[in-house]
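Q: Predicted structure and sequence below. I'll ask about it afterward.
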Amino acid sequence: MRAIIGLLATALSVVGLPTLAHGEETCSGAELLAGWVQPLADADGAVNVGFGPQTDPLTGAVTEHTGVDLSGLPGTPILAAAAGKVKRIDFSASGWYITVYHSGGVYSYYKEILAASDIEVSVGDQVAAGQQLASAWRLLSGGTMSTLHFEIVIGSENVDPVAFYERLGLDVAGTPITNADRTMRPTRGVYPSAQTKNTFNFLFATGQLSPWAWGASLAIAQAQEIRQVNYVAKHEVDFVVGDAAKFSAALDKEKYGVATVTDNGDGTVRVGFTPTTAGFPATAPGDCPDANGEASAPSTAVKVMTWNVDGTNKTDQFERPWSKRLVSLVSWVKTEDPDVIGFQENMHSGTGPKQMLKVKPKLGGYSWYGLDLDHPIAWKTSRFNLVKSGSFKTGSTADPGKVHARPSAWVLLRDTKTNKTFYVISTHQKPAGLTSRHFTVRAAQMKRLVSKIKALTKGADTPVLVLGDFNESNWQESSARNAHITELVGAGFLDAYSLAQTITTKVRGASTTNYYGHSFANRFYYGSVRTNSPKINGYHIDFIWTRGVKQVYSWRVGLGSSLVSKATEVGNKPFYATDPLPSDHNPVIAQIEIG
């Protein structure tokens, strides 16, 4: 059944059904996909045991607690904290556990699961943020609440989940509840039925049932021992009850966010829930997306873009000369209106078109550094003051292909709105290649990049943004190819995607590389959105690495309006783009609170 539901969810995601969204009840237009959610779907949950050294009250022994223990009502769904891939399901002395990889070196662990039958996923499954992984049935002492041991691991280091969620602007758990509110379920796994749970999990995962209606419906069914609940609409369900009056009298409307209760007269009671995301983290500071599909952010947030603009000038069958792409590129940037931009593959010398020299006068309002470099940086003149600038190399001409010698540009900017200073680095790194020599060079290249950043910042805690094309994905786990993750994460950087409250890419699964220039059915200039995974909105080789920033409100792959329209129409199938694509890369855009 679970496999069938997964296939149905994948199929429906292609035709554009809505995903889990924060604030979608009051907004129109683009949806917001949750970046992170609470791992235990109980609005009244609490942190019972914190992170770090814990002292046994009986023996006085001190042990290291590598995560936090969250409590909730028995049977509470355990949710994927963010989109990812199930890496491991195994058994230990404390019970079953699940490991999920969220890309960019970030993992989450869900431990102390009572039985294998409580687990809803399999190794290799791709899961969305908020998708049910299991149910929490292991009881705390006293027998009234169940527990989940939850861990966040970045690189190889356990971090405090409470602090990590606070950095996201979220709470890892709900508000504590009193003993009087703790309701013990009589029989594990009986209410509601497996069919009801599977159906509701599917409706929730595909966005047909709102987050709160989903969680509250299952909680009510458990509380009143109801086996069957029927879906009606996004905020409405029918409970199949024996006594409608008794059900209605026992229903805690305030606790479960109930707006309406109607006796259908056929043995069912229709319950309408208040459109809310209560119990789930809300997007802060505002929920509604703007015209580009982004969650609203405070005026102090910096909108950052990185974009490999393709340093070619081909006039062959691909039909992608710079003269055509220039118009599209300028239009895309004006539509996005970023505050800071890192470009890569700027053709600036020889007989080429000197790309950014052509872009600069058409954009206006930006100051530039590195127009004579491969990877220039632009920033809004009205908002930022340049403190200093420069460039460095992360390779040598002895590297294979002699491409690592390209200089990376950097600037130190001061934000006139906040008076905060921060570094911006634009770089382009060679892919790992196919041989051990390439792997070695790649690893050394990443080490040099980190070393150059360390020398540049001189150990200060000034925030740093590293923008660029790293030619390996955020999901790369091979030790031979993931040096961009291990080295940068080891130096304190995190991918903005990993920190984002919301993922706002308009076409689910769109990546930063597209089919631009590929051939299909003997047709060229093949422009499509490459949907690497229907569920995971975030495959990218173009990064906005962050260190020392306060918050990331949103992250997305930037797509032109015609691509969004066509991709929505055809799903994940390739298509012939009539409009010229600016590049073989799509840009990445993030809204970041620097400090």
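A: Sure, I can see it.
Q: what about the stretch 301-450 of the chain, any weak spots by pLDDT?
A: Counting by pLDDT under 70, the stretch 301-450 of the chain contains low-confidence residues at 312-320, 348-353, 395-405, 432-435.
Q: One more pass at 80, please.
A: 311-324, 347-354, 395-406, 430-439 (pLDDT under 80).
Q: could you pull out the helices for the stretch 1-150 of the chain?
A: Assigned by DSSP state H, counting those that start in this stretch, the stretch 1-150 of the chain shows helices spanning 2-14.
Q: What ranges does it have for its strands?
A: Assigned by DSSP state E, counting those that start in this stretch, the strands in the stretch 1-150 of the chain fall at 33-34, 46-49, 52-55, 62-65, 68-72, 76-79, 84-92, 95-101, 106-113, 126-127, 132-136, 146-154.
Q: Just the buried positions in the second one, please.
A: Spelled out, that is strand 46-49. Within strand 46-49, the residues that count as buried by 16 or more other CB atoms under 10 Å are Ala46, Val47, Asn48. For the C-beta atoms, the positions are set from N, CA and C on the backbone; glycine is no exception.
Q: Quick one: mean pLDDT over that strand.
A: Average pLDDT, strand 46-49: 81.
Q: I'd like to know which elements it is packed against.
A: Helices and strands touching strand 46-49, as assessed by 3 or more CB pairs under 8 Å, 6 or more residues apart in numbering; DSSP states H and E, comprise strand 68-72.
Q: Rebuild the strands of the stretch 1-150 of the chain as a markdown table, extending it with distance to Val327.
A: As requested, those are exported to a markdown table (distance: least, CB to CB, whole Å):
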| stretch | distance to Val327 |
| --- | --- |
| strand 33-34 | 31 |
| strand 46-49 | 54 |
| strand 52-55 | 56 |
| strand 62-65 | 57 |
| strand 68-72 | 52 |
| strand 76-79 | 45 |
| strand 84-92 | 38 |
| strand 95-101 | 40 |
| strand 106-113 | 39 |
| strand 126-127 | 37 |
| strand 132-136 | 47 |
| strand 146-154 | 42 |
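Q: Can you say which of the ones you listed is nearest to Pro338?
A: strand 33-34 (20.7 Å; CB to CB).
Q: Return the set of buried residues in stretch 163-177.
A: So stretch 163-177, judged by 16+ other CB under 10 Å, has buried residues Phe164, Tyr165, Arg167, Leu168, Gly169, Leu170, Val172, Ala173, Gly174, Ile177.
Q: Need the max-distance pair from these.
A: Arg167 and Ile177 (25.5 Å).
Q: quick one: Lys550 and Gly595 touch, right?
A: Yes. Using CB atoms under 8 Å, Lys550 is in contact with Gly595, at 5.3 Å.
Q: pretty sure Asn346 belongs to a helix, no?
A: No. Counting by DSSP: H, G, I helix; E, B strand; the rest coil, one finds Asn346 to be coil, located in no helix.
Q: how close does it sit to His428?
A: Distance of Asn346 to His428, given as CB to CB, to the nearest Å: 10 Å.
Q: Overlap of the contact sets of the two?
A: Listed as contacting both Asn346 and His428 by CB atoms under 8 Å, 6 or more residues apart in numbering are Asp374, His375.
Q: Sketch out the low-pLDDT regions of the stretch 1-150 of the chain for me.
A: 1-35, 41-46, 55-60, 72-75, 137-146.
Q: again, only this time at 50
A: Counting by pLDDT under 50, the stretch 1-150 of the chain shows low-confidence ranges at 1-32.
Q: For the buried residues of strand 46-49, give me CSV that also has distance to Ala245.
A: As requested, these are arranged in CSV below (distance: CB to CB, whole Å):
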residue, distance to Ala245
Ala46, 34
Val47, 39
Asn48, 38
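Q: ok, those vs Gly104, which is closest?
A: Val47 (25.2 Å).
Q: where do the helices sit along the stretch 301-450 of the chain?
A: Per DSSP H, counting those that start in this stretch, the stretch 301-450 of the chain carries helices over the ranges 322-336, 355-363, 436-457.
Q: Out of these, which gets nearest to Thr513?
A: Closest among the helices of the stretch 301-450 of the chain, once you apply CB to CB, is helix 322-336, at 15.8 Å.
Q: all strands for the stretch 151-300 of the chain, in order.
A: So, for the stretch 151-300 of the chain - with DSSP E, counting those that start in this stretch - the strands run 157-159, 229-233, 236-240, 258-263, 268-273.
Q: Which one of the ones you listed has the poorest average confidence?
A: Looking at the strands of the stretch 151-300 of the chain, the lowest mean pLDDT belongs to strand 229-233 (a mean of 84).
Q: and it, which strands flank it?
A: Here strand 229-233 is paired, per DSSP bridges, with strand 236-240 (antiparallel).
Q: can I get the CA coordinates of the partner strand in PDB?
A: Taking C-alpha atoms only, strand 236-240 is exported to PDB below (Å, rounded to 0.1, in the frame of the first residue of the first chain):
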ATOM      1  CA  GLU A 236     -13.300  19.400   6.100                       C
ATOM      2  CA  VAL A 237     -13.600  15.700   7.100                       C
ATOM      3  CA  ASP A 238     -16.400  13.400   8.000                       C
ATOM      4  CA  PHE A 239     -16.000  11.200  11.100                       C
ATOM      5  CA  VAL A 240     -17.900   7.900  11.100                       C
END
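Q: so it versus strand 268-273, what angle?
A: 150 degrees (axes from the mean of the first three to the mean of the last three CA atoms, to 10 degrees).
Q: Need the contact partners of strand 236-240.
A: Residues outside strand 236-240 that contact it (CB under 8 Å, 6+ apart): 209, 213, 217, 220-221, 224, 226-232, 247, 264, 267-273.
Q: which residues are in contact with stretch 155-173?
A: Under the contact criterion CB under 8 Å, 6+ apart, stretch 155-173 has outside partners 35-36, 38-40, 45-47, 50-52, 66-68, 70-71, 105, 150-153, 281, 284, 486, 489-490, 499, 501, 550-552.
Q: Start and end of it, how far apart?
A: 24 Å (CA to CA, to the nearest Å).
Q: For Tyr256, give me its contacts.
A: Contacts for Tyr256 (CB under 8 Å, 6+ apart) come out as Ala216, Ala219, Ile220, Phe273.
Q: my read: the third one touches Ala250, true?
A: Right, Ile220. No. At 9.3 Å, Ile220 and Ala250 do not qualify as touching, with contact defined as CB under 8 Å.
Q: so where do the helices sit in the stretch 151-300 of the chain?
A: Going by DSSP H, counting those that start in this stretch, the stretch 151-300 of the chain shows helices at 161-167, 194-205, 211-223, 244-250, 253-256.
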